[in-house]
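**Student:** Test case, fold it:
(chains A, B, C and D)
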Protein chains: 2
Amino acid sequence: MATTVWQIPKASVKNLNKHAALDLIRFAPGGISRIELSRQIGLTRAAVTSIVGDLIEARLVRETNGQHGGGRNPINLEINPDFGRVLGIDIGSTHVTIVLVNGLAQVLDEVNAPLDITQGPEICLPQVAKVINGWLPNTGTELSEILAAAVDVPGPVVSDAGKVGAPPIMPGWDNFPIRDWLEERLGCPVSLGNDAEFGALGEWAFGAGRGEKNLAYIKVGTGVGAGLLLDGQIYRGTTGSAGEIGHITLVEDGPICTCGNHGCLEALAGGRSLALRAREGISKGRRTSLAEIGPANSIIAKDVIAAARRGDLFCQQLVIDSGYHLGTAIASLVNLINPDIVVIGGGVAQLGDLLLDPIRQTVKQRSLKVSWQAVRISAAILGRRSSAMGAVVQALSMSLHQIAQV
Amino acid sequence: MATTVWQIPKASVKNLNKHAALDLIRFAPGGISRIELSRQIGLTRAAVTSIVGDLIEARLVRETNGQHGGGRNPINLEINPDFGRVLGIDIGSTHVTIVLVNGLAQVLDEVNAPLDITQGPEICLPQVAKVINGWLPNTGTELSEILAAAVDVPGPVVSDAGKVGAPPIMPGWDNFPIRDWLEERLGCPVSLGNDAEFGALGEWAFGAGRGEKNLAYIKVGTGVGAGLLLDGQIYRGTTGSAGEIGHITLVEDGPICTCGNHGCLEALAGGRSLALRAREGISKGRRTSLAEIGPANSIIAKDVIAAARRGDLFCQQLVIDSGYHLGTAIASLVNLINPDIVVIGGGVAQLGDLLLDPIRQTVKQRSLKVSWQAVRISAAILGRRSSAMGAVVQALSMSLHQIAQV
DNA sequence: CAAATATGTTAATTCACTTGACATTATTTG
DNA sequence: CAAATAATGTCAAGTGAATTAACATATTTG
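**Tutor:** Model prediction:
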């Protein structure tokens, strides 16, 4: 009960139903009526009227038009978009993506900026702050109007301390008080999470896995990681490093991985591996349009993906090979977790079925029938924004429930 | 507590704290005082006094001596052992184990009987009923005194329908209403679960993983399965087939498995594989005491384990080989789940470090440092009884909470 | 033995929720 | 088109689980 993305203040057990109502309203697509709330929470209509009254008075919720049939039309309830604005900050290994949303999680504006995470927090975090300060005013928003923010980083988040633990691809970030630093700079509550974890949250709330009970989000970026949402709750494991699918050993004597082992999924199917295999192919003289781009050692994963999309057969085969490896690891995940849906995100996922078909095929071949029959394997709908949108869900959770507290 | 959407609380929000108190009393080793309850639930002493008053009046709880120091001694609370008796029924592939316990989950008596699960439910379940009817009276208990029972079977349990889904090793059991059949015969509420799931519950409640937040129980029997307890809750997955670690593919062109695939963990390290490899060794003329037992094709896993225990080097090596394969699969589990503890149960686990050391070594080698550093790998303390004791926990949960409901 | 400390109980109060009646607004029917 | 029917939403009185604040009880310490 202790380790969760955001801790509900203890006293809120008292207002349990108020918070339950708030979340049902938040995540009901197109709003929800009082009577539907009463059915789902298991309270009487009278009680719901009272709870909703509080929420409306607090300006968290508003009434909209609803329609039905058979009797009086229900009044639809939705989050009041003007209750406040929050930021979702997705720090990747090469870029930072920041979205500004209103109470309904509608994106008001978005900004992207390059970033080199290997430079450590002392360089990167001020850069992020600078981007925000230079951009926010143009969106018609003062920093002081921001109610909360959530940030994710591509490494395991250790406990609720607001720091990261030994992150393979984040040298220098160990034990730096990321959350506290940002809270001071932004002047609002900040929540720190893992990119895959927030990706899962984003796709669950607004994407491919909307409302599913058990969801795994696989982020195939420079590295490969998974975010798990089990029984409707983010699952982070004992030390916050659950979902590290990237370091499952697939090939005993395979290529060396950043983690030091050999044959990890990440070393076989991650973005780094994709670029590496492309370079090897070029140096072996394989026919590919990539050769025209520039020197082989300047090729990065993005180039391979773009070429595959343009129809380059060599690059497509590299992606398919990644798919088979991903499928093998996902088959293990499906056997162990038995999820409703596996959402594939990250750059390579833009290629759709080119990547998904080999994954689906391998999963079907290597996992139990009951499990693969129950699972859907889809690409992320939110694309590059999965994690930032998950961050936004988290940030809104903080503000909404904090205000509802009173 | 909650991460994203509010989990709609179980039966009643109303008596939520009463149930919380009941569970804290149940699983506190050696009892718990009112003040400790108030600290853990977050209620005032006055409220706890009232709740406990109800529980004592319902004869579910009793006061015992406690001792402390510094002030007035607290009064210890524990479940009233005489509140009633329940049965835990563990149906394995070759045996059935039944335990009778009192309210404190103390074993009053136990019975074992052979059973061939491949004969289907129409043969097996009447056998189980017959065993119970022939044995219970000798324990000084009438069948009508039994408040509840829980049964586990070695296959995935589909939903709460009280049936099993396509079970690889349980031909003929599909869709048979196991729970309903037993409820009618025993005349009490019955809960149906999976053997590994109940094993996890048993080891969590009374065994090696007492009170841990994230536990995986690996049952190495004829087959290999895992029971998962995540964030303090049994995790079953979407169709009830979570934890099917036995059918993770480890060796691409490995030996064929009962599930139809090749190179599954179960086909490399399960009991069936252990026996098979022993027979092969004998036929190749390897030096082993097993050869003296009888014809090679009559050798079963139990014989190999016994020989390994006696010091037979060939058999010990077979067990060690199993350990490496188990370790490989468990490394994946540790990467994905990041548990506090992995408990190894089933027949082979009796061999202790002979099996555990290769597992530990492989896990250390093949999983992320943050994850393997956090995980403890131990043998099941409850041994053969892990699952039956988990069943008992489940059965007691049913009766206790049902009575507390009023 | 009084003081200090901690646990447990009691009575008055608070407040979320239920109950049951009523108000409101739509569709269906004679 | 009024009346019947149906569904949603609200109100006022009552219930009960919790809090607050005082007191009672048991054990150690100066």
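
**Student:** tell me the mean pLDDT over the helix or strand residue A:391 falls within?
**Tutor:** For residue A:391, the host element (DSSP states H and E) is helix A:386-405. For helix A:386-405, the mean pLDDT works out to 95.

**Student:** can you pull the buried residues of it?
**Tutor:** A:386-404 (16 or more other Cβ atoms under 10 Å in any protein chain shown). (Each C-beta comes from the backbone N, C-alpha and C, glycine too.)

**Student:** Can that helix be said to contact DNA strand C?
**Tutor:** No - using Cβ under 7 Å from any atom of the strand, helix A:386-405 never reaches DNA strand C; the gap is at least 10.9 Å.

**Student:** Distance of the residue in the stretch 251-400 of chain A that DNA strand D sits nearest to relative to residue A:104?
**Tutor:** DNA strand D sits closest to residue A:400 of the stretch 251-400 of chain A, with a gap of 20.4 Å, by Cβ to the nearest atom of the strand. Distance, residue A:400 to residue A:104, using Cβ to Cβ, to the nearest Å: 11 Å.

**Student:** is it true that the residue of the stretch 251-400 of chain A closest to DNA strand D touches residue A:79?
**Tutor:** Yes - the criterion here is Cβ atoms under 8 Å, and residue A:400 meets it with residue A:79 at 7.3 Å.

**Student:** Give me the common contacts of these two.
**Tutor:** A:26, A:60, A:103 (Cβ atoms under 8 Å, 6 or more residues apart in numbering or on different chains).

**Student:** Which one of those residues is nearest to DNA strand C?
**Tutor:** Lowest distance from DNA strand C to those (Cβ to the nearest atom of the strand) belongs to residue A:60, with 15.4 Å.

**Student:** So the closest one versus residue A:285, what's the distance?
**Tutor:** Between residue A:60 and residue A:285 the computed distance is 63 Å (Cβ to Cβ).

**Student:** ranges for the helices of the stretch 51-200 of chain A?
**Tutor:** Using DSSP state H, counting those that start in this stretch, the helices of the stretch 51-200 of chain A run over residues A:121-135, A:178-186, A:195-206.

**Student:** Also the stretch 301-406 of chain A?
**Tutor:** According to DSSP H, counting those that start in this stretch, the helices that the stretch 301-406 of chain A contains are A:301-310, A:313-337, A:353-366, A:369-374, A:386-405.

**Student:** need the contact list for the residue of the stretch 151-300 of chain A found nearest DNA strand D.
**Tutor:** Here the stretch 151-300 of chain A gets closest to DNA strand D at one residue, residue A:211, 20.4 Å apart by Cβ to the nearest atom of the strand. If you count contacts by Cβ under 8 Å, 6+ apart, residue A:211 has them with A:27, A:204.

**Student:** Residue numbers of the stretch 251-400 of chain A in contact with chain B?
**Tutor:** Residues of the stretch 251-400 of chain A lying near chain B by Cβ under 8 Å from any Cβ of the partner chain: A:259, A:261, A:328, A:331-333, A:335-340, A:365-371, A:374-375, A:393, A:397.

**Student:** The same query, at a cut-off of 6 Å, please.
**Tutor:** Contact residues (Cβ under 6 Å from any Cβ of the partner chain) of the stretch 251-400 of chain A with chain B: A:332, A:335, A:337, A:338, A:340, A:366, A:368, A:370, A:371, A:374.

**Student:** quick one: the fifth one and residue A:210 touch, right?
**Tutor:** So that's residue A:340. No - Residue A:340 lies out of contact with residue A:210 (Cβ atoms under 6 Å); the separation is 10.8 Å.

**Student:** Who has more neighbours out of those two?
**Tutor:** A direct count of neighbours by other Cβ atoms under 10 Å in any protein chain shown for residue A:340 and residue A:210 places residue A:340 higher, at 19 against 14.

**Student:** Now the more buried one: closest residue in space, sequence neighbours ignored.
**Tutor:** Nearest non-adjacent residue to residue A:340, counting by Cβ to Cβ, 6 or more residues apart in numbering or on different chains: residue A:212, 4.2 Å away.

**Student:** Next, give phi and psi for that neighbour.
**Tutor:** Dihedral angles of residue A:212 (phi, psi; degrees, to the nearest 10) stand at phi -70, psi 150.

**Student:** wouldn't residue A:162 be in contact with residue A:192 here?
**Tutor:** Yes - taking Cβ under 6 Å as the definition, residue A:162 is a contact partner of residue A:192 at 4.9 Å.

**Student:** Between the two, which is the more surrounded one?
**Tutor:** Taking other Cβ under 10 Å, residue A:162 and residue A:192 do not tie; residue A:192 has more neighbours (28 against 19).

**Student:** pLDDT score assigned to that one?
**Tutor:** At residue A:192, pLDDT is 96.

**Student:** Show me the beta-bridge partners of it.
**Tutor:** residue A:151 (DSSP bridges).

**Student:** residues in contact with residue A:263?
**Tutor:** By Cβ atoms under 6 Å, 6 or more residues apart in numbering or on different chains, the contact list for residue A:263 reads A:249, A:250, A:251, A:252, A:254.

**Student:** Nearest residue to it in space, ignoring adjacent ones along the chain?
**Tutor:** Leaving aside its chain neighbours, residue A:263 sits nearest to residue A:254 (2.6 Å; criterion: Cβ to Cβ, 6+ apart).

**Student:** again, but for residue A:146
**Tutor:** residue A:188 (5.2 Å).

**Student:** So which residues of the stretch 1-150 of chain A form strands?
**Tutor:** Secondary structure of the stretch 1-150 of chain A (DSSP state E, counting those that start in this stretch): strands at A:32-33, A:61-64, A:76-79, A:85-91, A:95-101, A:107-114, A:146-153.

**Student:** which helices and strands sit right next to the second one?
**Tutor:** Using 3 or more Cβ pairs under 6 Å, 6 or more residues apart in numbering or on different chains; DSSP states H and E as the contact criterion, the secondary-structure elements in contact with strand A:61-64 are strand A:76-79.

**Student:** How about the third one?
**Tutor:** Other elements packing on strand A:76-79 under the criterion 3+ Cβ pairs under 6 Å, 6+ apart are strand A:61-64.

**Student:** I'd like the average pLDDT over the strand it packs on.
**Tutor:** Strand A:61-64 shows an average pLDDT of 95 in the prediction.

**Student:** Buried residues in that strand, which are they?
**Tutor:** Buried residues in strand A:61-64 (16+ other Cβ under 10 Å): A:61, A:62.

**Student:** touching DNA strand C at all, that strand?
**Tutor:** No - judged by Cβ under 7 Å from any atom of the strand, strand A:61-64 makes no contact with DNA strand C; its nearest approach is 12.3 Å.

**Student:** How far off centre is that strand?
**Tutor:** Chain-centre distance of strand A:61-64: 28 Å, with Cα atoms, centre = their mean, to the nearest Å.

**Student:** Kindly report the same for stretch A:264-279.
**Tutor:** From the chain centre to the centre of stretch A:264-279 is a distance of 22 Å (Cα atoms, centre = their mean).

**Student:** swap in stretch A:297-309?
**Tutor:** Worked out by Cα atoms, centre = their mean, stretch A:297-309 lies 24 Å from the chain centre.

**Student:** could I have that stretch exported to PDB, CA atoms only?
**Tutor:** The C-alpha trace of stretch A:297-309 is given here as PDB (Å, rounded to 0.1, in the frame of the first residue of the first chain):
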ATOM      1  CA  ASN A 297      28.700   5.500 -38.100                       C
ATOM      2  CA  SER A 298      26.500   8.500 -38.000                       C
ATOM      3  CA  ILE A 299      23.300   6.400 -38.600                       C
ATOM      4  CA  ILE A 300      20.900   6.400 -35.700                       C
ATOM      5  CA  ALA A 301      17.700   4.400 -35.000                       C
ATOM      6  CA  LYS A 302      15.500   7.200 -36.300                       C
ATOM      7  CA  ASP A 303      17.200   6.900 -39.800                       C
ATOM      8  CA  VAL A 304      16.500   3.200 -39.900                       C
ATOM      9  CA  ILE A 305      12.900   3.700 -39.000                       C
ATOM     10  CA  ALA A 306      12.500   6.400 -41.600                       C
ATOM     11  CA  ALA A 307      14.100   4.200 -44.200                       C
ATOM     12  CA  ALA A 308      11.900   1.300 -43.300                       C
ATOM     13  CA  ARG A 309       8.900   3.500 -43.700                       C
END
